[in-house]
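S.K.: how does the following fold in three dimensions:
(one chain, ligands or ions: 1)
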Amino acid sequence: MSTFTPPRPDAIFGFAECMPQARGLAAALGVACHEVAVRRFPDGESLVRVPAVSERPVLYRSLNDPNTKLIELLLAASVLRPAAAHLTLVAPYLAYMRQDKAFNPGEAVSQTVIGRALAPAFDSFLTVDPHLHRTPSLDAVFMGKPALALSAAPCIGAYLRAEGATADLLVFGPDEESEPIVAAVAAAAGCGFAVARKQRRGDRDVTITLPPQVTVVGRPVAIVDDVISSGATICTLAGLLRDAGASAIDVCATHALFHEPAANTMLAAGARRVVSCDTVIHPSNAIPLARHIAGALGPVFI
Ligand code: R5P
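M.R.: Numbers count the residues shown, from 1 in each chain. This is a model prediction of the structure:
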C-alpha cells in the first residue's frame, strides 16, 4: 500500500447525501465545507454546480450505488481542477473494485475501467478498505497516481474495545482474503482471531468451512469483513458459529451495502447486532471515520 500523504486540504466539497460525513471531515481538519449542488433533469441527466473553488480542495463522495454518482463526480472535478493546485478525491467506499479480472469471457474489468476514468480528473486519491485482493496497490488502479488505501481496522478494534471486548473475544473472518483486516482488528481490540474458508457459487450462494483447530464454544465472536452486500456471507458464517456454540455473535463491517431485509436475515441467522463504519450512509453506522480520514490528510483539530 502507498504511504503517500496528500497535501493538507483547504476545503471539503461534498454532495447532498454525504454532507454529514463531509462536514465531519471538514470540522476535524478545521477547514470550510461546501455542498456541490445537483439538479436532476426529468430525462435523468445531472446539472452540477460547485459553489466555490480553492487551492487544495478535497472532493468527498462515497461511491455506493455508483453509476450516477460517478458522472456527477467527474462533472464537479471539472470545475474544481482548473482552479486547484491539487485536487484529492476522498471516496470512502470505492465502487467497482471487486471485478479485477474477466472471470468469464466477454466480461468488462470494472476496476481498470473505473480507475482509468477517474485518474485524469484528480491529483490524488484516498479510500478505505478497497477490495484489492489481486491488485498490488491502489496506485496501480489509478494509473500510478498517488493513492492512499486506509484501513478501518483500528477504528473497528477501538469500537469493540469500547463495547467491552475482552481477551476472550474471537475476531472471525469469513475467508482468507479477510485475514489482513481481521488480524488488524484483533490486534487493536487486544484479542485473538481466526479465518474460515469460503467458496462462492453465486451472488447469494456461499459455503463456509470453519477452521477445525479453533474452539468457539462459550466464546464471544465478532465477525469482521470489509463489505456486506447480499449478507449471504455473514448469514452463513453466523449460522455456523451459532451452531458451534459461540456465546454471542456481533458483526462489524467497513462498508454496509446491504438492504433492510438482509439485516433481518443476519439477525435471524444468529447475529446479535450488525454495525458498520460510516463510509456508506446506512442505518447500521456506528463507527465514524472522520477523524481517521482527517488524520491521513493533515493535523486533526477535534
Ligand atoms: C468478498 O470477498 C468480500 O470480502 C465480502 O465477503 C463479500 O463482498 C460479501 O458479500 P455478500 O454480503 O454478498 O456475501
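
S.K.: in the top helix by length along the chain, what counts as buried?
M.R.: The residue-count maximum for a helix in the chain (DSSP state H) belongs to helix 66-83. Within helix 66-83, the residues scored as buried using 16 or more other CB atoms under 10 Å are Pro66, Lys69, Leu70, Glu72, Leu73, Leu74, Leu75, Ala76, Ala77, Val79, Leu80, Arg81. Just so you know, the C-beta spots here come from the backbone N, C-alpha and C atoms, and that holds for glycine as well.

S.K.: CA atoms of that helix as PDB?
M.R.: Presented in PDB, the C-alpha positions along helix 66-83 are these (Å, rounded to 0.1, in the frame of the first residue of the first chain):
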ATOM      1  CA  PRO A  66     -22.300   4.400  -8.100                       C
ATOM      2  CA  ASN A  67     -23.400   5.000 -11.700                       C
ATOM      3  CA  THR A  68     -25.000   8.500 -11.500                       C
ATOM      4  CA  LYS A  69     -22.600   9.500  -8.700                       C
ATOM      5  CA  LEU A  70     -19.500   8.800 -10.900                       C
ATOM      6  CA  ILE A  71     -20.700  11.100 -13.600                       C
ATOM      7  CA  GLU A  72     -21.600  13.900 -11.100                       C
ATOM      8  CA  LEU A  73     -18.200  13.400  -9.500                       C
ATOM      9  CA  LEU A  74     -16.400  13.900 -12.800                       C
ATOM     10  CA  LEU A  75     -18.500  17.000 -13.600                       C
ATOM     11  CA  ALA A  76     -17.700  18.500 -10.200                       C
ATOM     12  CA  ALA A  77     -14.000  17.700 -10.600                       C
ATOM     13  CA  SER A  78     -14.000  19.500 -14.000                       C
ATOM     14  CA  VAL A  79     -14.900  22.800 -12.100                       C
ATOM     15  CA  LEU A  80     -12.600  22.300  -9.200                       C
ATOM     16  CA  ARG A  81      -9.500  21.100 -11.000                       C
ATOM     17  CA  PRO A  82      -8.600  24.100 -13.200                       C
ATOM     18  CA  ALA A  83      -8.500  26.400 -10.200                       C
END
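
S.K.: any idea which helix or strand comes after that helix?
M.R.: strand 88-90 (DSSP states H and E).

S.K.: distance from stretch 75-94 to the middle of the chain?
M.R.: Taking CA atoms, centre = their mean, to the nearest Å, one finds the center of stretch 75-94 at 19 Å from the center of the full chain.

S.K.: now do stretch 116-126
M.R.: Relative to its chain's centre, stretch 116-126 lies at 18 Å (CA atoms, centre = their mean).

S.K.: flag every buried residue along it.
M.R.: Buried residues in stretch 116-126 (16+ other CB under 10 Å): Leu118, Ala119, Ala121, Phe122, Asp123, Ser124, Phe125, Leu126.

S.K.: hmm, who's touching it?
M.R.: The contact list for stretch 116-126, computed with CB atoms under 8 Å, 6 or more residues apart in numbering, reads 4, 6, 59, 70, 73-74, 77-78, 81, 84, 86-91, 138, 142-143, 145-148, 150, 293, 296-297.

S.K.: so which bits of the chain are right by the ligand?
M.R.: 174, 177-178, 206, 225-233 (CB under 6 Å from any ligand atom).

S.K.: pull the most distant pair out of those residues.
M.R.: Glu177 and Gly231 (17.4 Å; CB to CB).

S.K.: compare these two (neighbour count), which wins?
M.R.: Between Glu177 and Gly231, Gly231 has the larger neighbour count (other CB atoms under 10 Å), namely 25 against 17.

S.K.: nearest residue to that one other than its sequence neighbours?
M.R.: Ala262 (3.4 Å; CB to CB, 6 or more residues apart in numbering).

S.K.: the one you found touches Thr233, doesn't it?
M.R.: No: here Ala262 does not reach Thr233: they are 10.6 Å apart, not a contact under CB atoms under 8 Å.

S.K.: no further queries at this time; thank you.
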